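J.: Sharing a sequence plus its predicted fold:
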Amino acid sequence: MHERKIGNRLVSAIGLGAMPMSIEGRPEPERAIATINAALDAGITLIDTANSYHRDAGEEGHNEELVARALRARGVSDDEVLVATKGGTQRPGDGSWTKNGRPERLKQAAKDSARRLGVEAIGLYQFHRPDPEVPFAESMGAIAELLDEGVIQMAGVSNTDVAQINEANDVLDGRLVSVQNQFSPRFRSSHDELEHCARLGIAFLPWSPLGGIAKAAELGSQHRAFADVAGELGVSVYQVTLAWELALADVVIPIPGASRPESIVDSAGAAEVRLSEEQMARLSAS
């Protein structure tokens, strides 16, 4: 598995988005654990989670605990796998998502996440989504304090625009290491943020890089060029999609969601796919 950098850490070029293992339609725990094990066997060393990745009320941290259980059973150390978690959103249990960027909430959420993950300091902690009720700089100030206090080792943001990326980096005194935004063939409005991260040397982690759980199956029909290139190379359309994203900039680290071992094994293979300049041009134009 090829590697890329998040801050001072080398991680696999493809990460595992663990969210589908804990939300609506989630698999049985045994299959979820098998999916995480398959990712590790495929060489994946970045796992993305969040305290709000759960389905029902009263089970905050379900996904974090699931990831921690799988890694503990394998005897995997913090140095071997980077677990990236997030705070700043909540789920009341009715299927909705709410925002909470209050500094005191973010600081407590990070400490709770560290406890669930079983770590002294979270490897990468990202502010999940700006809260319109709280000044962005105040939320990021809490993240800076978490860094200074050693609760987290690295800091990132998610669902932010270029101006917010700059503001976050300023508040963090240049210590911003990652931006996690939605990006896929279907959703390209974060391309400016991707390019901005490339200029700054900040890792860009596309979430829903295959278009989302409900739309991934439509990739080949909705974006014919991706299906055509997949046929030319003899690989899946999903591998072509992730390889295209990887080729856009050397800071890109896609984190496809998975709830089946077969899915993440296929995604991991994208790191080995090489696209020609002509193929890249076709994909980008489609």
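T.: Sure thing, it's come through. Here the structure is a predicted model, which is why all the values come from computation and not from measurement.
J.: CA only for contacts and neighbour counts going forward, please
T.: Will do.
J.: and Thr98, how many neighbours does it have?
T.: Neighbours of Thr98 under the rule other C-alpha atoms under 10 Å: 12.
J.: And the strands in this protein?
T.: Secondary structure of the chain, counting by DSSP state E: strands at 3-6, 9-12, 16-17, 46-48, 82-87, 89-90, 98-99, 124-127, 155-158, 176-180, 203-204.
J.: In TSV, list the ones you listed along with mean pLDDT.
T.: TSV is the format used below for the strands of the chain (pLDDT from 0 to 100):
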stretch	mean pLDDT
strand 3-6	98
strand 9-12	98
strand 16-17	98
strand 46-48	98
strand 82-87	98
strand 89-90	93
strand 98-99	95
strand 124-127	98
strand 155-158	98
strand 176-180	98
strand 203-204	98
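J.: so where's the chain uncertain?
T.: Within the chain, no stretch has pLDDT under 70.
J.: returning to that earlier point: now tabulate the strands of the chain in CSV and tack on distance to Glu59.
T.: Shown next, in CSV, are the strands of the chain (distance: least, C-alpha to C-alpha, whole Å):
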stretch, distance to Glu59
strand 3-6, 29
strand 9-12, 29
strand 16-17, 19
strand 46-48, 18
strand 82-87, 15
strand 89-90, 11
strand 98-99, 15
strand 124-127, 20
strand 155-158, 22
strand 176-180, 24
strand 203-204, 29
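J.: Quick one: closest of those strands to Glu65.
T.: strand 82-87 (11.3 Å; C-alpha to C-alpha).
J.: Sheet-wise, list the partners of that closest one with their directions.
T.: Paired neighbours of strand 82-87 in the sheet (DSSP bridges): strand 46-48 (parallel), strand 124-127 (parallel).
J.: Contacts for that strand next, please.
T.: Identification of contacts with strand 82-87 by C-alpha atoms under 8 Å, 6 or more residues apart in numbering yields 11, 45-52, 64, 106, 109-110, 113, 122-128.
J.: Burial check on the closest residue to Ser189 other than its chain neighbours, number of neighbours?
T.: Closest residue in space to Ser189, ignoring its immediate chain neighbours: Phe183 at 7.3 Å, by C-alpha to C-alpha, 6 or more residues apart in numbering. Per other C-alpha under 10 Å, the neighbour tally for Phe183 reads 24.
J.: do the same with Val157
T.: Residues lying near Val157 (other C-alpha under 10 Å) number 27.
J.: Looks like it contacts Gln180 (just checking).
T.: Yes: if you go by C-alpha atoms under 8 Å, Val157 and Gln180 touch, sitting 6.3 Å apart.
J.: What distance do you get for the residue nearest to Leu176 when sequence neighbours are not counted to Leu283?
T.: Counting by C-alpha to C-alpha, 6+ apart, Leu176 lies nearest to Asn169, which is 5.1 Å off, once chain neighbours are set aside. Per C-alpha to C-alpha, to the nearest Å, Asn169 is found 32 Å from Leu283.
J.: repeat for Lys111
T.: 42 Å.
J.: who has more neighbours, those two?
T.: Higher neighbour count among Lys111 and Leu283: Leu283, with 22 against 18, using other C-alpha under 10 Å.
J.: For that one, which residues are in contact?
T.: Leu283 neighbours (C-alpha under 8 Å, 6+ apart): Ala225, Phe226, Trp244.
J.: Most neighbours among the residues you listed, which one?
T.: Phe226 (27 neighbours).
J.: residues contacting that one?
T.: Phe226 touches Leu219, Gly220, Val237, Val240, Thr241, Leu283, counting by C-alpha under 8 Å, 6+ apart.
J.: repeat that for 10 Å
T.: 185, 219-220, 232, 236-241, 244, 279-280, 282-284, 286 (C-alpha atoms under 10 Å, 6 or more residues apart in numbering).
J.: count of residues packed around the closest residue in space to Gly141 that isn't next to it in sequence?
T.: Residue nearest to Gly141 in three dimensions, not counting chain neighbours: Val171, with 6.4 Å by C-alpha to C-alpha, 6+ apart. For Val171, the number of neighbouring residues by other C-alpha under 10 Å comes to 19.
J.: so how many other residues sit close to Glu232?
T.: 10.
J.: To clarify, my last question referred to Arg186.
T.: Arg186 has 19 nearby residues by other C-alpha under 10 Å.
J.: any idea how far it lies from Ala18?
T.: Noted for Arg186: a distance of 21 Å to Ala18, by C-alpha to C-alpha.
J.: Cool, thanks, talk later.
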